[in-house]
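# any chance you can model this:
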Amino acid sequence: MSAVRSVARVSVTALVAGVLLWVAFLVANGTLRAVARPAAKPSPRNALYVQGQKIFRYDTFGDESFWGGALQLHKAIEGKKLGGVGNGVSPKTALSVGLKVDAAKIPGSVATAIKAGKVDLNSPKTTLALLKLNAVVGVKGIFDKNGSLKSMGLSCAVCHSTVDDSFAPGIGRRLDGWPNRDLNVGAIISLAPDKKPLTDLLKVDEATLGKVLASWGPGKFDAEVFLDGKAFRPDGKTAATLIPPAFGLAGVNLHTYTGWGSVPYWNAFVANLEMHGVG
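Next comes the predicted model:
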């Protein structure tokens, strides 16, 4: 029996040593790194996980009543502006302001045509086609029965997802939870044909609003300006803060850069007051 125990102890010791050596190998090769990474996702067979992923990626919570109904951003995409016709928003323009495209939503034949240069990335019509495919990350186009864009909304993913650029810059596989540090929220809002809801709220003219929006820059958003009207810090720099990641927050309470509250509080604040979700 003692011999058996000795063999068992040696086997267990060898096993533990082997595991440690494997972990060391992974660390040495950069497979495991001490950086913020999202937790391993649950099995797709988990219904709650699938439901949460769908909500995060595609649910607008009715905010199209603001982005489409009030600001009329969908008309900017089509090239229809108040008092005239604009140029529209092409895929190149959309990518230039940091919007991302989910390559998995693009049919193979279309992907081949894009690589061959047979798809016009300077045409707003191509943007509309991508919206119909649900391929623009975080942006939901709402079309009527005739296929015309009648409104648009935004989901959580517009700020808190990006892509790996595996197809082309700004086009690739989704990285849910990563902050979109290329997203120029101010520039996107500036495309809105009707900015009156914002100028009325802040009690400023459109030129002043434009200056504020331009000050944010890529990857930043000012969550407080629509509440206190203070767009700049005492030193004259923008009050906008970096868009945070949406992963690695388990067990963290005051996680936001403003330190206003817990994750549920922040979600409710952003969804209702910032994104203008309906309830």
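
# for the helix or strand that contains Lys75, C-alpha coordinates in PDB please.
Assigned by DSSP states H and E, Lys75 falls within helix 73-78. Provided in PDB are the C-alpha atoms of helix 73-78 (Å, rounded to 0.1, in the frame of the first residue of the first chain):
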ATOM      1  CA  LEU A  73     -30.100  61.000 -38.300                       C
ATOM      2  CA  HIS A  74     -31.600  58.500 -40.700                       C
ATOM      3  CA  LYS A  75     -32.200  61.400 -43.200                       C
ATOM      4  CA  ALA A  76     -28.500  62.300 -43.000                       C
ATOM      5  CA  ILE A  77     -27.600  58.700 -44.000                       C
ATOM      6  CA  GLU A  78     -29.900  58.900 -47.100                       C
END
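
# what sits up against that helix?
Defining contact as Cβ atoms under 8 Å, 6 or more residues apart in numbering, one finds that helix 73-78 is touched by 67-68, 81-82, 86, 88-89, 124, 127-128, 131, 141-142, 149-152, 188, 191-193. Placement of C-beta: from N, CA and C, glycine included.

# got a quick ChimeraX command for the buried subset of the residues you listed?
A single ChimeraX command is used to select the members of the contacts of helix 73-78 judged buried by 16 or more other Cβ atoms under 10 Å:
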select :67,68,81,86,88,89,124,127,128,131,141,149,151,152,188,191,192,193
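
# for the helix holding Lys75, buried residues please.
Residues Leu73, His74, Lys75, Ala76, Ile77, Glu78 are the ones in helix 73-78 that count as buried (16+ other Cβ under 10 Å).

# between those residues, which is nearest Glu206?
Among the buried residues of helix 73-78, Ala76 lies closest to Glu206 (Cβ to Cβ), at 14.7 Å.

# immediately after the helix or strand bottoming out on mean pLDDT in the chain, which helix or strand?
Within the chain, no helix or strand scores below helix 2-28, which has a mean of 40 by mean pLDDT, DSSP states H and E. Using DSSP H and E, the helix or strand that follows helix 2-28 towards the C-terminus is helix 47-58.

# what packs against that following helix?
Packing contacts for helix 47-58, counted by 3 or more Cβ pairs under 8 Å, 6 or more residues apart in numbering; DSSP states H and E, involve helix 157-160, strand 174-176.

# tell me which of those is the most buried.
Among these, helix 157-160 has the highest mean neighbour count (mean count of other Cβ atoms under 10 Å), at a mean of 24.

# alright, that wraps it up for me.
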